[in-house]
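# Below are the sequence and a predicted model; questions follow.
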Amino acid sequence: MKRSDVSTLSPRWLGSAALALLALAAAGPAAGQPAEPDPLAQAGERLYVRYCAVCHGKSGRGDGPFAGILRTAPTDLTTIAARRGGTYPDEELAQHVDGRLVPLAHGTREMPVWGRWLGEPIGEDMSRDEVVRGEILAMLTYLKTIQRDAAPAK
């Protein structure tokens, strides 16, 4: 992936699978029916548990089983928006999770470069990068559902 492809990580450039999930979510429940959980967030939760919870914890608070052995403590992912004044930076987070475009000047990263590991092909007419973008979008959509206010400083 070239540096000029950064814009392809934006949610507006989703893979076909993510678009299909978004269409299902946009359809919404029938009148009088309870709202169904967002299928994109549900898919993202499964991916999060598989790839991220070992460090960030099932709750997303940075308390996973590997947290104690890492040089850098995992980030509390439940306060992303709170730490940014209520804004959830989708594109910035997508680039960070993907990891393939992080400039070397920013130093090393202990977090895996998930853009290299995600993206198992799910159809002949889908590129690996489309699947990676869709999976990252799903995880970020899930993380939006677990956002909470930051704990007051002590």
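Received, thanks.

# ok, and for the longest helix along the chain, which residues are buried?
As assigned by DSSP state H, the longest helix anywhere in the chain is helix 128-145. When neighbours are counted by 16 or more other C-beta atoms under 10 Å, the buried residues of helix 128-145 are found to be 129-143. C-beta coordinates here come from the backbone N, C-alpha and C atoms, glycine included.

# Now do the contacts for residue 93.
Contact partners of residue 93, counting by C-beta atoms under 8 Å, 6 or more residues apart in numbering, are 80, 140, 143.

# hmm, 6 Å instead?
For residue 93, the contacting residues are residue 140, by C-beta atoms under 6 Å, 6 or more residues apart in numbering.

# same question, the one 4 residues further on
For residue 97, the residues meeting the contact criterion (C-beta under 6 Å, 6+ apart) are 114, 136.

# any idea which element it lies in?
Take DSSP states H and E as the rule and residue 97 turns out to sit in helix 90-98.

# what does the average pLDDT come to for that helix?
Averaged across helix 90-98, pLDDT comes to 90.

# Ok, stretch 59-66 next?
Rounded mean pLDDT across stretch 59-66 is 95.

# Identify each buried residue in that stretch, please.
Buried, per 16+ other C-beta under 10 Å, within stretch 59-66: 60, 61, 62, 63, 64.
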